[in-house]
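Student: sequence isn't available, so here's the structure alone:
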């Protein structure tokens, strides 16, 4: 199985310091859904792992989150792609849960869903250090995109072996061997 794990906000859709709270605020980044479709057509399985502390903060509810994910799925499908699995952490940072990235709980859930012993070599694409840290704790290969918080993250010490790309489309080009 060729699996790839994507962060959501800042990788697939526009991010906001005020949180993406509704289906109307969920706006895809240019080329991101097409990139997902190209990966799917080439045999990749796409999973999304996303922190959604806006739930714990009362900024939106589970129905609003589900509506955003339905929109994401619908738009990916319209491009010819499919997101096989979406997992999210609903907790606030002060909850100290195991699922909030940079902790590995969401990635363990993904591995379990696909009956994988580990995620060794699976690409993880994120715009923040915590996205990459969560994935590499289970053996993923880190890819940082410059969209979302990516430019700010570039100022941090990145995990060894992190490859940096302008956006998700460029990551897809790299993985698919297209110039």
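Tutor: Here it is on my side, so go on. All figures in this text were calculated on a predicted structure; none of them were measured in a lab.
Student: every contact and neighbour count from this point should use C-alpha atoms.
Tutor: Will do.
Student: and the closest residue to residue 149 other than its chain neighbours, how many neighbours does it have?
Tutor: In space, and not counting its chain neighbours, residue 149 is closest to residue 127: 5.3 Å by CA to CA, 6 or more residues apart in numbering. Residue 127: 29 surrounding residues under other CA atoms under 10 Å.
Student: I figured residue 127 hits residue 142, correct?
Tutor: No: between residue 127 and residue 142 there is no contact under CA atoms under 8 Å: 10.4 Å.
Student: against residue 57, how distant is the closest residue to residue 52 other than its chain neighbours?
Tutor: Leaving aside its sequence neighbours, residue 52 sits nearest to residue 90 (CA to CA, 6+ apart; 5.1 Å). Separation of residue 90 from residue 57 (CA to CA, to the nearest Å) stands at 9 Å.
Student: and what of residue 108?
Tutor: 25 Å.
Student: more neighbours, these two?
Tutor: The neighbour comparison of residue 108 against residue 57 (other CA under 10 Å) goes to residue 108, with 20 against 12.
Student: tell me the secondary structure for that one?
Tutor: Put simply, residue 108 is helix when judged by DSSP: H, G, I helix; E, B strand; the rest coil.
Student: with residue 48 instead?
Tutor: strand.
Student: okay but it is in contact with residue 3, surely?
Tutor: No: checked against CA under 8 Å, the pair residue 48 and residue 3 is beyond contact range at 10.6 Å.
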